[in-house]
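> please work out how this folds:
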Amino acid sequence: MMRRSASKKTGQPNSTNPITYSPSDLFRTASSKASSKEMERIDNLFYSYANRSSGMIDPEGIETLCSDMKVDHTDVRILMLAWKMRAEKQGYFTLEEWRRGLKALRADTVSKLRKALPELEKEVRRPSNFVDFYSYSFRYCLTEEKQKSIDIESICQLLDLVLGSQFRAQVDYFVDYLKIQSDYKVINLDQWMGFFRFCNENGCRRSKAKTYVVWST
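I've put the predicted structure just below:
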C-alpha cells in the first residue's frame, strides 16, 4: 500500500520561530532590573532609619545615620545632603526626598553614601550651585509656618557653618558685630543674601561701615 505524503494543515505553523531581542532591548531590560534593585535597597536603607510612627527619618534617625557614616551631625555636608534631597522640613527626610537624593548620588548603602559626600561637597561649592545652596540653607531653617526670619543666635551659627570655610575673616567679624549690636533681633532672606553678595564683592575687606550698609539695606 502506497504511503500518502503528509500535507500541511492551513493555519498551523510548521515550526515555532524563536523570539529575538536586539542588544538595545537586552540592555534596557538589564538596566531596568538593576534600577529596580537599587531603588529597593535605597528604600530598605530609608526604613532602617525611619521612625515607624511618622514614616519619616527624624532628628534621632539622622543622628544615627551620621554615626554610622562616622560624620558629625553638625557637619555642613549633612546640610548639603538635605539640599540634594530638597528636604523641606529641618531635621526630617521623607521617603520621596530620600529617594531623590540617594538616587542622584548613586548611593544605596551607608558606605556608598559616605563615599559620595566629598563629591557632593564639590558639587555644592561650584559657583552655579552655591548661591542656591546658600539660599536653601536659610529656608531650611524656617521651622514654623509663615516664618520669614531667623533669630540672631541661629544666624551666627548658620553663617559659620555655611560660609566660614570660604570667608573666614568676614564671617568672624560680622558674627562678633551681630553679637554686640542691639538694632537687629532677627534677619530675613534678603539680608541673608545681602551678606553673601557683600562677601563676594569685597573680598577680604573688613569695613564695619560697609558691612552695616549692606546689612541695613
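> domains in the chain, by residue range?
With domains defined by the TED database, the chain comprises 35-125, 128-216.
> make a markdown table out of these and add mean neighbour count and mean pLDDT.
(Glycine included, C-beta is placed from N, CA and C.) A markdown table is the format used below for these (neighbours: other C-beta atoms under 10 Å; pLDDT from 0 to 100):
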| stretch | mean neighbour count | mean pLDDT |
| --- | --- | --- |
| domain 35-125 | 16 | 96 |
| domain 128-216 | 15 | 87 |
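> which residues are in contact with the residue nearest the centre of the chain?
The C-alpha lying nearest the average C-alpha coordinate of the chain belongs to Lys84 (C-alpha atoms, centre = their mean; 1.7 Å). Neighbouring residues of Lys84 by C-beta atoms under 8 Å, 6 or more residues apart in numbering: 100-101, 104-105, 120.
> next step: these restricted to helices.
Counted as lying in helices by DSSP state H, out of the contacts of Lys84, are 100-101, 104-105, 120.
> would you turn those residues into CSV with distance to Arg197?
Listed next are these as CSV, based on distance: C-beta to C-beta, whole Å:
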residue, distance to Arg197
Arg100, 29
Gly101, 28
Ala104, 29
Leu105, 30
Leu120, 25
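> circling back to that earlier point, and the residue nearest to the centre of the chain, what helix or strand is that in?
Per DSSP states H and E: Lys84 is located in helix 76-85.
> any idea how far that helix is from the chain center?
4 Å (C-alpha atoms, centre = their mean, to the nearest Å).
> next one: stretch 161-168
19 Å.
> just the terminal-to-terminal distance for that stretch.
Distance across stretch 161-168, first residue to last, is 10 Å (C-alpha to C-alpha, to the nearest Å).
> show residues contacting it.
Residues outside stretch 161-168 that contact it (C-beta under 8 Å, 6+ apart) are 74, 76, 79, 133-134, 137, 170-171, 196, 199.
> filter those down to the ones in helices?
Reading helices off the contacts of stretch 161-168 with DSSP H, I get 76, 79, 133-134, 137, 170-171, 196, 199.
> distance of Gln181 relative to Ile187?
Note on Gln181: its distance to Ile187, by C-beta to C-beta, to the nearest Å, is 11 Å.
> equivalent analysis for Tyr177, please.
Tyr177 is 12 Å from Ile187, by C-beta to C-beta.
> which one is Ile155 nearest to, not counting chain neighbours?
Of all residues not flanking Ile155 in the chain, Ile187 sits nearest, at 5.5 Å (C-beta to C-beta, 6 or more residues apart in numbering).
> each with direction, which strands does the strand or helix carrying the one you found pair with?
In the assignment (DSSP H and E), Ile187 maps to strand 186-188. Strand 186-188 has its sheet partners listed here by DSSP bridges as strand 149-151 (antiparallel).
> next structured bit after the strand it pairs with?
Counting by DSSP H and E, what follows strand 149-151 is helix 152-163.
> that next one to helix 76-85, inter-axis angle?
If you take axes from the mean of the first three to the mean of the last three C-alpha atoms, to 10 degrees, helix 152-163 sits at 80 degrees to helix 76-85.
> ok, the ones in helices among the contacts of stretch 161-168 vs Ile62, which is closest?
The closest of the ones in helices among the contacts of stretch 161-168 to Ile62 turns out to be Leu79 (C-beta to C-beta; 11.0 Å).
> who are the contact partners of the closest one?
So Leu79 contacts 137, 140, 161-162 (C-beta under 8 Å, 6+ apart).
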